[in-house]
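[1] Sequence and predicted structure below; questions after.
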Amino acid sequence: MKITIQSLLLILGLSVSMFAWANPDYLVDADWLAEHIDDENLVVLEVRYHPHRYYTVGHIPGAVQVQRFKDLGDNYAVPLMRFPSHEVFQERLRGLGVNDDSTIVLYDDSPTALTSRLYFMLKLYGFNLDRVKILDGGTLEWSAFNDLEKDPVARQPGTVTLKPANPDLLVEWTDVYDDVVSRRDPNVVLLDARPKDMYTGEVIRHSIQGGHIPEAVNIVSLDGTDAQSQKWLSDEGLAELYKDFPKNKTVYIYCHDGFRMSLAYLQLKHLGVKDVRLYNGGWSHWGNELTLPVVEGDKPYSGDYEL
């Protein structure tokens, strides 16, 4: 008899409702994946933080590797993690065996931050998101009751056709500078999804400057996940995380390399925020431009920007 997570909880006398996670339609568990893993059109894509672990630790049977920097950024841009053109990303997806009628399951070994970037890119370039799932809990969720394998997987090239990037989902540094830093548009809010010590400038990574963009508020998107299980918090937990965040404004989000801001994007959209856009390049761009203004500390403004 197959033991599932739900049945184990019942055996232990625990209610499934005690472990309430957020439930966007695209989040699935290991039981769902195990039931569908042999489906003809299923494509499982793994995005690990350390890509070598696809080979050394193992991957879900049949999963194809997506290398988080090489495959999810523009390899010839500065910074590296600007979004690639739809033609480049289309060729990468075809190389992974993706077709227009594929059902894609994404998973990672972090709390869905890496898969969030890939999910956002599929949305950005017009793939049918009804056919995209994210394994909530990633490798931890799967390996609790299922085996990993180490042999690399190669699929027949796919024929997926993507569209040019949806301009309503991205902003450039000029938009951030004009709408937020300069005009302080009251209908736009800027969200910094990085860890607090990077926001304040105590820690400097991926840049030559520390701190944040003037007017940015800090909500750490990874705080919307459970560190132990790597699953999303409940809907109530997400609502609590963003309780002081305005839901009726246009939101620009950035992080340092494009993953945490993608997670924040999915969280805010799940909470019903309608107009959410990602800063293409993020802090890896802004923090490396000495002419652009930076604020240190835990407040949106300081110094000259308090006036």
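    Sure thing, it's come through.
[2] State the helix or strand in which the closest residue to residue 202 other than its chain neighbours lies.
    Among residues not flanking residue 202 along the chain, residue 210 sits closest, at 7.3 Å (Cβ to Cβ, 6 or more residues apart in numbering). The C-beta positions use only the backbone N, C-alpha and C, and glycine is treated the same way. Using DSSP states H and E, residue 210 maps to neither a helix nor a strand.
[3] quick one, what contacts residue 210?
    198, 200-204, 287, 294, 296 (Cβ atoms under 8 Å, 6 or more residues apart in numbering).
[4] And residue 85, by the same measure?
    74, 165.
[5] Could you check how far it is from residue 182?
    29 Å (Cβ to Cβ, to the nearest Å).
[6] Count the residues that sit near residue 98.
    25 (other Cβ atoms under 10 Å).
[7] So it, which state does it fall into?
    coil (DSSP: H, G, I helix; E, B strand; the rest coil).
[8] i'd like the first residue to be 457 from this point on
    Understood, numbering begins at 457; the last thing we discussed is residue 554.
[9] my read: it touches residue 560, true?
    Yes. Taking Cβ atoms under 8 Å as the definition, residue 554 is a contact partner of residue 560 at 6.5 Å.
[10] which neighbours do these two share?
    residue 499.
[11] Helices of the stretch 457-606 of the chain, residue ranges please.
    Taking DSSP state H, counting those that start in this stretch as the test, the helices found in the stretch 457-606 of the chain are 461-467, 486-492, 509-512, 542-551, 569-580, 594-599.
[12] helices and strands of the protein: which one has the lowest mean pLDDT?
    helix 461-467 (a mean of 41; mean pLDDT, DSSP states H and E).
[13] Tell me the backbone dihedrals of residue 666, please.
    phi -110, psi 160 (degrees, to the nearest 10).
[14] Next up, the contacts around residue 621.
    539, 541-542, 580-581.
[15] Could you work out the most separated pair of the residues you listed?
    The distance between the two most remote of the contacts of residue 621 (Cβ to Cβ) is 11.0 Å, for 541 and 580.
[16] Give me the below-cutoff pLDDT ranges for the stretch 507-656 of the chain.
    Under the criterion pLDDT under 70, no range of the stretch 507-656 of the chain is flagged.
[17] so residue 500 bridges to which residues?
    residue 561 (DSSP bridges).
[18] and it, what does it touch?
    489, 493, 516, 518-520, 560-561, 563.
[19] Quickly note the distance from it to residue 531.
    24 Å.
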